[in-house]
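In: Next comes the sequence, and after it the predicted model I'd like to discuss.
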Amino acid sequence: MDRFGRVHNYLRVSVTDRCNFRCVYCLPAEGVTWLPRESLLGFEEIARVVRVMAGMGLRSVRLTGGEPTVRRDLPALVEAIAAVPGIVDVSMTTNAHRFAGQAAVLKAAGLRRVNISVDSLDADRFARITRGGELASVLAGIEAAIEAGLTPVKLNMVVMRGENDDEVVSMARWAMERAPAVQLRYIEYMPFDARWHQNVPASEMRARLAETFGEPVPLSARQGGGPARHWQLGPLVVGFIAPITEHFCATCNRLRLLADGHLRTCLAHEDTPSLRDVVRGGASDDQLAAVVRNIVAGKPAGHLAEADGGRAFEGIMTQIGG
Ligand code: SAM
Ligand code: SF4
């Protein structure tokens, strides 16, 4: 628990900062150097951090990145985390480019659910946004996830004005045909370092959906303490993650283990000590737990970004894990 009484039972783990896409809202076209391999936490180190945190109340772990599926032997990590006493939910966020061939193996290893990023259903635009991604392989990944029972598959769409906001309605129509195995979440663009893109407020997205499908029906409180607010739209559950215009800092239950071992309590800004250095320095489990407790105690009240100002988010999304 932090000093504001927020309870943290959810950890996102960025298993690698590397990625086979270079989405325009996530990475600049050039000039990013990947972390050297020895800087990344090893699987045993990740599993140990998870075990120590599970002893303090951690229950859910989500693997992310960068692109988690490019890390070799990922099923072994899923299996190790799923086996930690106290962990009840292991999930993953992926661009699904390589997922079709991995879905069944990951499910067998203990993965329960998957979120898949898809920002456009137009192949040319998709390739532009991801800087080279192939829509067909991602759609195959979505079908494979449904087939493997990694449901509900939550599709994540980052909405940017003038770039893909004209697909808010068509994406919902596409997802409706696959409901309830699929849910759709619209994500407000978060400004990193520079404001590369224009945000579309969640309220505007909801209004556009209402024009076509009728008023969405608000569903009760956030599911599992997560950031999305959910609405029923015909057969489809839609979520809005609106960190800028409807921010949810006051109820934030998440911690983030970065690819290089830093433990971030806020996605937006923060400089915290590296758990990797603590682990590699020979700390006992009790000492590691004390460091974690200390970092969580220092969690800031909230981020400082606004739609047209404030402080941009800091760092590189692929290291932080989104
Ligand atoms: N590579 C995987 C993927 O794309 O799903 C996992 C990592 S990615 C960093 C995690 C999530 O962060 C994705 O849903 C992505 O769309 C989202 N994301 C990345 N940069 C963002 C930004 N600037 N604003 C909002 N969402 C962002
Ligand atoms: Fe890679 Fe995911 Fe970032 Fe796109 S959003 S560049 S797929 S990490």
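Out: Yep, it's here. Ligands and ions are numbered 1, 2, ... in the order given.

In: pLDDT score assigned to the most centrally placed residue in the chain?
Out: Closest to where the C-alpha atoms of the chain average out (C-alpha atoms, centre = their mean) is G322, at 4.5 Å. Note on G322: pLDDT of 78.

In: likewise M1?
Out: 89.

In: if you look at stretch 21-41, does any of it touch ligand 2?
Out: Yes - residues of stretch 21-41 are located near ligand 2 by C-beta under 6 Å from any ligand atom, namely 21-23, 26-27. From N, CA and C alone the C-beta is placed, and that goes for glycine too.

In: And that stretch, how far out from the chain middle?
Out: Counting by C-alpha atoms, centre = their mean, to the nearest Å, stretch 21-41 is centred 16 Å from the centre of its parent chain.

In: repeat for stretch 134-154
Out: In terms of C-alpha atoms, centre = their mean, the centre of stretch 134-154 is found 16 Å from the chain centre.

In: just stretch 272-280 next, same as before
Out: 22 Å.

In: what do you get for stretch 141-157?
Out: 15 Å.

In: How about residues contacting it?
Out: 93-94, 96-101, 103-104, 106-107, 111-119, 164, 167-168, 171, 175, 178, 180-187, 237, 239 (C-beta atoms under 8 Å, 6 or more residues apart in numbering).

In: Would you mind listing the buried residues in it?
Out: Buried residues in stretch 141-157, counted by 16 or more other C-beta atoms under 10 Å: 141-146, 148, 150-157.

In: Determine whether any part of that stretch lies close to ligand 2.
Out: No - Stretch 141-157 stays clear of ligand 2 (C-beta under 6 Å from any ligand atom), getting no nearer than 8.7 Å.

In: Please renumber the chain so that the first residue is 867 from this point on.
Out: Understood, numbering begins at 867; the last thing we discussed is stretch 1007-1023.

In: Now a ChimeraX select for only the buried ones of the contacts of stretch 1007-1023.
Out: Here is the ChimeraX command that selects only those of the contacts of stretch 1007-1023 that count as buried (16+ other C-beta under 10 Å):
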select :959,960,962,963,964,965,966,969,972,973,977,978,979,980,981,982,983,984,985,1030,1033,1034,1037,1041,1044,1047,1048,1049,1050,1051,1052,1053,1103,1105
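
In: Among the contacts of stretch 1007-1023, which lie within helices?
Out: Taking DSSP state H, the ones among the contacts of stretch 1007-1023 that sit in helices are 969-970, 972-973, 1034, 1037, 1041.

In: returning to what we had before: now intersect the contacts of stretch 1007-1023 with the strands, please.
Out: Counting by DSSP state E, the part of these found in strands is 959-960, 979-983, 1048-1053, 1103, 1105.

In: which two in these are spaced the farthest apart?
Out: T960 and V1103 (19.9 Å; C-beta to C-beta).

In: how many other residues sit next to the closest residue to ligand 2 within the stretch 917-1066 of the chain?
Out: Nearest residue of the stretch 917-1066 of the chain to ligand 2 (C-beta to the nearest ligand atom) works out as N961 at 3.6 Å. A total of 27 residues lie near N961 under the criterion other C-beta atoms under 10 Å.

In: what do you get for T899?
Out: 6.

In: Quick check: L1124 touching G1188?
Out: No - with contact defined as C-beta atoms under 8 Å, L1124 does not reach G1188; the gap is 11.3 Å.

In: what's the distance between stretch 904-917 and the middle of its chain?
Out: The answer for stretch 904-917 is 19 Å, by C-alpha atoms, centre = their mean.

In: Let me see the residues that make contact with that stretch.
Out: 877, 879, 881-883, 924, 927, 939, 942-943, 946-947, 950-951, 953, 1123, 1125-1127, 1141-1142, 1145-1146, 1151, 1154, 1158.

In: Quick one: name the residues of this protein near ligand 1.
Out: Counting by C-beta under 6 Å from any ligand atom, the chain sits next to ligand 1 at 885, 891-892, 930-931, 933, 959-961, 983, 1022, 1024, 1053, 1055-1056, 1058, 1183-1184, 1188.

In: and with 5 Å instead?
Out: 891-892, 930-931, 933, 959, 961, 983, 1022, 1024, 1053, 1055-1056, 1183, 1188 (C-beta under 5 Å from any ligand atom).
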